[in-house]
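*Asks:* Fold the following for me, if possible:
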Amino acid sequence: FINELNEDADVFITDDIRYVRSAMRQTAKHGGMLAVVAESGGGKSTLRQDLIDWINQGEPITVVEPYVIGMEDSERKGKALKAADITGAVIRTVSPGTPLRQVLQDRAAQMHSILRASAQVGRRHVLIIEEAHALAVPTLKHLKRFYELQDGFKKLLSIILIGQTELEHKLSEHNPEVREVVQRCEMVKLPPLDNHVEG
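*Replies:* Residues are numbered from 1 along each chain as shown. Now for the predicted structure:
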């Protein structure tokens, strides 16, 4: 299984995968917030790479991917990804070399200004967070504010969360802490390939 996937034509496609792939592309291109949920080994990372490959073929979309190495939803288990980390990742990606402002409110205003300027020359932006099942609840709540960044009526940042089945539980409509995020987030589930082993 080494070097078997070199381009999107190499990705095995079922109707379920085709649907999730389309949802990811639509979100990246036209806006929205999407959660992609699957078991470990279900093809989430492959579809993420497929999306980036598609974008790199000429879509005017900037992909923002915060580093998630060591990310956990609790400081006892690892390092939580915070809103300040996401803000920094957006600034570094959309405007490389720009020094980050130290005060969080100033940095948020800086990010908004950079996204607005980029959108005004025709760029779209998508924030992709892998291992999103390890996001802390406060960070999930803050994603609503990232999603609501606008220039007039135009949304400036699409969001795609990619995670294992624990993400579905965190984004439950029965969880009042994340209700405002759940109301704005479409969830798609990627079923296992059990029924397609031969293919």
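*Asks:* The helix or strand hosting Y19 packs against which elements?
*Replies:* Y19 is part of helix 15-30, with elements assigned from DSSP states H and E. Applying 3 or more Cβ pairs under 8 Å, 6 or more residues apart in numbering; DSSP states H and E, one finds that helix 15-30 contacts strand 33-37, helix 44-56, strand 61-64, strand 124-129, strand 158-163, strand 185-189. The C-beta positions use only the backbone N, C-alpha and C, and glycine is treated the same way.
*Asks:* Of all the ones you listed, which one comes closest to L81?
*Replies:* For the helices and strands packed on helix 15-30, proximity to L81 was assessed by Cβ to Cβ; strand 124-129 is nearest, at 7.4 Å.
*Asks:* quick one: that closest one to chain centroid distance?
*Replies:* Centroid displacement of strand 124-129 relative to its chain, using Cα atoms, centre = their mean, to the nearest Å, is 6 Å.
*Asks:* Now do the helix or strand just after it: everything it contacts.
*Replies:* Per DSSP H and E, strand 124-129 leads on to helix 137-147 as the next helix or strand towards the C-terminus. Under the criterion Cβ atoms under 8 Å, 6 or more residues apart in numbering, residues 33, 73, 80-83, 86, 127, 155, 157, 159, 161, 170-171, 177-178, 180-181, 184 lie in contact with helix 137-147.
*Asks:* And for stretch 162-176?
*Replies:* The contact list for stretch 162-176 (Cβ under 8 Å, 6+ apart) reads 35-40, 44-45, 47-48, 128-135, 137, 140, 161, 178-179, 181-182, 185, 187, 189.
*Asks:* and the angle from the helix holding Y19 to strand 185-189?
*Replies:* With axes from the mean of the first three to the mean of the last three Cα atoms, to 10 degrees applied, the angle from helix 15-30 to strand 185-189 works out at 150 degrees.
*Asks:* got a list of contacts for the lowest-mean-pLDDT helix or strand in the chain?
*Replies:* For the chain, counting by mean pLDDT, DSSP states H and E, helix 179-182 ranks last in confidence among helices and strands (a mean of 89). Residues outside helix 179-182 that contact it (Cβ under 8 Å, 6+ apart) are M33, L140, K141, L143, K144, L171, S172, E173, N175.
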